[in-house]
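Asker: Need coordinates for the below:
(one chain, ligands or ions: 2)
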Amino acid sequence: MPDNIIFSSDPAIGLKSFLDQKKYSRLMVLTDENTLRLCYPMIKKAVPPHEVITVKSGEEYKSLGTCIKIWDDMTNYSLDRHSLLIILGGGVLGDMGGFCAATFKRGIDFVLIPTTLLAQVDASVGGKLGVDFNHYKNHIGVFQVPVLTVVYHGFLQTLPEPELRSGFAEIIKHILISDAELWQEIKTLPLKSQHWEKLITHSIAFKTRVVNEDPREKGLRKILNAGHTIGHAIETHLLSQGRKIMHGEAIAVGLLAEGFIARHRGLLPQYDLDEMTAFILKNFGKVDFEVKEDEAISGLTLQDKKNKGNKVLCVLLEGIGKPFLTSAC
Ligand SMILES: NC(=O)c1ccc[n+]([C@@H]2O[C@H](COP(=O)([O-])OP(=O)(O)OC[C@H]3O[C@@H](n4cnc5c(N)ncnc54)[C@H](O)[C@@H]3O)[C@@H](O)[C@H]2O)c1
Ligand SMILES: [Zn+2]
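Answerer: Numbering: from 1, shown residues only. Ligands and ions are numbered 1, 2, ... in the order given. Sure thing, here's the model as predicted:
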């Protein structure tokens with residue numbers, strides 16, 4: 001596990017021992033209205049005198065417009081290059097707050113305290129920061145890592161169940177591409193009884209290993225896109241029709257669809273596919289499409305960022321825990 005990630009049974013203690021060793025000139029905490037109410041009280045006392053900026057929650061606010069507000073507040077509060085931004089929130093705040101810190105006065109330090117399951121197991125690892133632009137997701141951004149990430153699974157207690165399930169899809173993805181043994185464990189347990197601490201640690205360790213080997217996504221890191229080639233296309237298609245779907249739900253469908261392709265190609269054993277299907281349907285239910293929508297969805301896979309030329313790249317499984325990247329999905 002990298003030195004800049006700590007797991008803490010009390011996020012205030014982890015944060016305080018870090019801040020005690022540093023001499024930041026000014027401190028600012030970034031929250032949204034939910035993390036201000038539900039999470040900030042748990043860290044407030046650990047942070048020496050500081051300012052709090054609160055922005056509205058939701059992907060629609062992950063924009064340059066919100067960055068301008070954050071940069072304004074940083075400027076008005078006279079943050080200098082020796083200041084620290086502490087980001088307390090889900091993936092939206094982590095991506096956007098990290099981007100604001102990484103670009104303010106050519107970059108100031110930031111701490112991530114991820115408060116959703118998705119942010120803990122995925123968004124806070126790997127250094128990708130940014131905002132959406134003109135309806136393109138994560139279109140403007142940079143790579144930069146936080147000076148510290150504090151992981152506290154107790155934040156999940158207030159997380160609404162759909163958010164928990166959405167993050168769980170990324171955990172399932174990590175396990176399907178890396179760990180047949182852990183798959184045997186999670187597949188027997190309902191959502192509420194999963195061992196979150198163990199699963200979060202596993203996901204962070206696995207993603208960190210992959211990212212360290214391939215920080216700029218030239219090769220290996222692409223396996224983290226399992227379920228995402230088709231999942232993203234489904235998410236984009238449904239959202240464009242005004243039909244709500246959470247990212248994790250779309251990824252769950254994508255994992256199954258890519259599982260069917262792997263089976264069709266004689267890669268994934270039928271037994272493994274049956275287990276995946278049963279588990280994913282039990283946790284996520286079904287998403288309805290009409291047959292005529294297939295064309296729009298497969299058209300959207302051509303837009304995937306992993307593609308080379310007009311070949312659709314996707315990650316197929318040769319078995320649980322055995323991913324491989326291939327073309328013409
Ligand atoms: N940088 C990366 O590598 C990476 C990877 C995956 C996803 N992402 C990004 O992450 C974002 C999605 O993140 P998310 O799923 O965390 O969504 P989010 O940040 O929008 O949080 C979801 C909701 O949960 C609320 N919330 C946060 N913590 C809470 C808590 N402890 N209790 C109650 N409510 C809480 C938030 O206020 C928000 O309403 C997307 O923008 C996506 O692009 C980035
Ligand atoms: Zn994802």
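Asker: Which residues are in contact with M42?
Answerer: 10-12, 152, 154-155 (CB atoms under 8 Å, 6 or more residues apart in numbering). Placement of C-beta: from N, CA and C, glycine included.
Asker: can we see that at 6 Å?
Answerer: By CB atoms under 6 Å, 6 or more residues apart in numbering, the residues touching M42 are P11.
Asker: Tell me how far it lies from L118.
Answerer: For M42, the distance to L118 (CB to CB, to the nearest Å) stands at 19 Å.
Asker: Run a quick neighbour tally on the nearest residue to E213 once chain neighbours are set aside.
Answerer: Spatial nearest neighbour of E213, chain neighbours left out: L220 (5.2 Å); criterion: CB to CB, 6 or more residues apart in numbering. Burial of L220 is recorded as 15 neighbouring residues (other CB atoms under 10 Å).
Asker: what pLDDT, on average, does stretch 35-49 get?
Answerer: Mean per-residue pLDDT for stretch 35-49: 97.
Asker: Show me where this protein dips below the pLDDT cut-off.
Answerer: 305-306, 327-329 (pLDDT under 70).
Asker: so G89 makes contact with T35?
Answerer: Yes. The criterion here is CB atoms under 6 Å, and G89 meets it with T35 at 4.6 Å.
Asker: So for these two, which sits in the more crowded spot?
Answerer: Remark: of G89 and T35, G89 carries more neighbours, 29 against 24, as counted by other CB under 10 Å.
Asker: Look up phi and psi at the more buried one.
Answerer: Note on G89: its backbone torsions stand at phi 170, psi -170 [degrees, to the nearest 10].
Asker: same thing with C314?
Answerer: In terms of degrees, to the nearest 10, the main-chain angles of C314 are phi -150, psi 160.
Asker: Okay, and the beta partners of it?
Answerer: Using DSSP bridges, the bridge partners assigned to C314 are T326.
Asker: number of nearby residues for it?
Answerer: Burial of C314 is recorded as 25 neighbouring residues (other CB under 10 Å).
Asker: still on that earlier bit, my guess is the residue nearest to E213 contacts R209, does it?
Answerer: No. L220 is not in contact with R209 according to CB under 6 Å; the separation is 9.4 Å.
Asker: Make sure G94 is indeed in a strand.
Answerer: No. Counting by DSSP: H, G, I helix; E, B strand; the rest coil, G94 falls outside a strand, being helix.
Asker: And the strands in the stretch 1-150 of the chain?
Answerer: Along the stretch 1-150 of the chain, the stretches classed as strands by DSSP state E, counting those that start in this stretch are 5-7, 27-32, 51-55, 84-89, 109-114, 128-133, 136-143, 148-151.
Asker: okay if I get those strands as TSV plus distance to A262?
Answerer: Shown next, in TSV, are the strands of the stretch 1-150 of the chain (distance: least, CB to CB, whole Å):
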stretch	distance to A262
strand 5-7	32
strand 27-32	38
strand 51-55	41
strand 84-89	36
strand 109-114	31
strand 128-133	27
strand 136-143	26
strand 148-151	32
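Asker: and the residue of the stretch 201-329 of the chain found nearest ligand 1, what does it touch?
Answerer: The minimum distance from the stretch 201-329 of the chain to ligand 1, using CB to the nearest ligand atom, falls at H247 (6.4 Å). Listed by CB under 6 Å, 6+ apart, the contact partners of H247 are S166.
Asker: From C67, how far out is it?
Answerer: 21 Å.
Asker: How about I171?
Answerer: I171 is 30 Å from C67, by CB to CB.
Asker: same deal with G248?
Answerer: Separation of G248 from C67 (CB to CB): 26 Å.
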